[in-house]
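Enquirer: Sequence below, structure please.
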Amino acid sequence: MSEHHHHHPVSGKNLFITIVLNIIITLSQIVGGILSGSLALLSDAMHNLSDVVALLIAYWANKISSKPKNNQKTFGYKRAEIIAALFNASALFGIALFLIIEAIHKFLNPETIDSILVIALGFLSIVLNAISVLLIKDDAKHNMNMKAAYVHLLTDVMTSVAVVVGGLLMYYFNLFWIDSIITVLIAGYLIKASYALIVESISILMQSVPDDINIDELKIDIEKYEPIDNIHHLHIWKLDDHDIHLEAHIDFNENLALKEVTKICDEISDAIKKKYHITHMTIQPEYEKNDNKELIYS
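Expert: Sure, this is the predicted structure:
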């Protein structure tokens, strides 16, 4: 028994414009960072690059989610988004570490930085990111991928403000070492965000039980039904960000008619889905079957 969730359609036009704006920000900051000698600009560019990839993943996921399942891909293409997210987060984690190492080197050996270019490109990033936030604000209320992108874009505005403040301090007070400090702060944020995404993606790919589901509590909820003797061979996993699957064997203590068994399984399924937000549940009813009765057994 399964439920179908209809996700709010993402505005393709607004998403496309947002992607273009963030590509402009990223490329201008990479070029500006190289020309000005500012690592803070480069680190902010990497932050914006993460948004470009996140937006592309959201756009891609929105397109491929409608592709039909087939005999080879019975789950469809839902995991493609998770694989892409893991690759993106791992790459950003490595880039952030590199930026921190370079920032330490530049802090110990400060160089003159073209602060005017840093300030100008920082302001450009603030303006274009603010426009991007407004463009996807409505989609973020209904779509998890877009919500994540929305939060990233908001943090981009804040990191760009930090870049501008650093540029002003360099311009008026020649505090060129501040560039390294801002770089470390932005790279540190990138590491924190990337690490969380890496852990979550690996957890989904490893078919781990979602953190908010307590297996022992779920076992009690199922075994409290009078005709049920025990639940065993339990598996719970997330297919993607939205869908949680459960399969289990359930022993009945009576040799009931199939119609009655089906009714009880439906009652259990409806109650468990509602309480634990499970989207697809498969129950195998059994009676006096000689198999292993451990809750977790493969």
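Enquirer: rest of the way, CA atoms for contacts and neighbours
Expert: Noted.
Enquirer: who touches the nearest residue to Ile228 once chain neighbours are set aside in this structure?
Expert: The spatially closest residue to Ile228, leaving aside those adjacent along the chain, is Phe252, at 4.7 Å (Cα to Cα, 6 or more residues apart in numbering). Under the criterion of Cα atoms under 8 Å, 6 or more residues apart in numbering, the contact partners of Phe252 comprise 227-230, 285-288.
Enquirer: between those, which is nearest Asp212?
Expert: Relative to Asp212, the closest of these is Asn230; by Cα to Cα it sits at 22.6 Å.
Enquirer: Can I get the buried part of the contacts of Phe252 as one PyMOL selection?
Expert: What follows is the PyMOL syntax for the buried subset of the contacts of Phe252, where burial is set by 16 or more other Cα atoms under 10 Å:
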select buried, resi 228+229+230+285+286
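Enquirer: Tell me where the model's unsure across the stretch 101-250 of the chain.
Expert: Low-confidence segments of the stretch 101-250 of the chain, defined by pLDDT under 70, span residues 142-145, 148.
Enquirer: Quick one: the helices in it, in order.
Expert: Listed in chain order, the helices of the stretch 101-250 of the chain (DSSP state H, counting those that start in this stretch) span residues 115-140, 144-173, 178-205, 215-223.
Enquirer: Show me which positions of the shortest one end up buried.
Expert: Spelled out, that is helix 215-223. Neighbour-count burial for helix 215-223, counted by 16+ other Cα under 10 Å, picks out 215, 222-223.
Enquirer: can I get the helices of the stretch 101-250 of the chain in TSV with distance to Thr74?
Expert: Conversion of those to TSV gives the following (distance: least, Cα to Cα, whole Å):
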stretch	distance to Thr74
helix 115-140	28
helix 144-173	23
helix 178-205	16
helix 215-223	27
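Enquirer: Quick one: closest of those helices to Asn22.
Expert: Nearest to Asn22, of all the helices of the stretch 101-250 of the chain, is helix 115-140, at 7.2 Å by Cα to Cα.
Enquirer: hang on, the earlier thing: among the buried residues of helix 215-223, which one sits closest to Lys238?
Expert: Each of the buried residues of helix 215-223 was scored against Lys238 by Cα to Cα, and Ile215 proved nearest at 14.3 Å.
Enquirer: I'd like to know how far that closest one sits from Val209.
Expert: With distances taken as Cα to Cα, to the nearest Å, Ile215 is found 8 Å from Val209.
Enquirer: again with Ala257
Expert: In this structure, Ala257 lies at 33 Å from Val209, with Cα to Cα as the measure.
Enquirer: Same drill for these two, tell me which one is more crowded.
Expert: When Ala257 and Val209 are compared on other Cα atoms under 10 Å, the one with more neighbours turns out to be Val209, at 18 against 8.
Enquirer: Contact partners for that one?
Expert: By Cα under 8 Å, 6+ apart, Val209 lies in contact with 235-238.
Enquirer: how does it look with 7 Å?
Expert: Contacts for Val209 (Cα atoms under 7 Å, 6 or more residues apart in numbering) come out as 236-237.
Enquirer: Going forward, count from 30.
Expert: That works, and once the first residue is 30, the last one we named lands at Val238.
Enquirer: how many other residues sit next to the closest residue to Ile307 other than its chain neighbours?
Expert: Here the nearest residue to Ile307 in space, its sequence neighbours aside, is Ile273; by Cα to Cα, 6+ apart that works out to 4.9 Å. Neighbouring residues of Ile273 were enumerated by other Cα under 10 Å; the total is 20.
Enquirer: So Ile273 sits against Thr311, correct?
Expert: No - in this structure Ile273 lies outside contact range of Thr311 using Cα atoms under 7 Å: 11.6 Å.
Enquirer: ok, back up a step: quick one, which of the helices of the stretch 130-279 of the chain is nearest to Ser119?
Expert: In terms of Cα to Cα, the element of those nearest to Ser119 is helix 207-234, at 6.7 Å.
Enquirer: mind listing what's buried in the closest one?
Expert: When neighbours are counted by 16+ other Cα under 10 Å, the buried residues of helix 207-234 are found to be 207-220, 223-224, 226-227, 229-230, 232-234.
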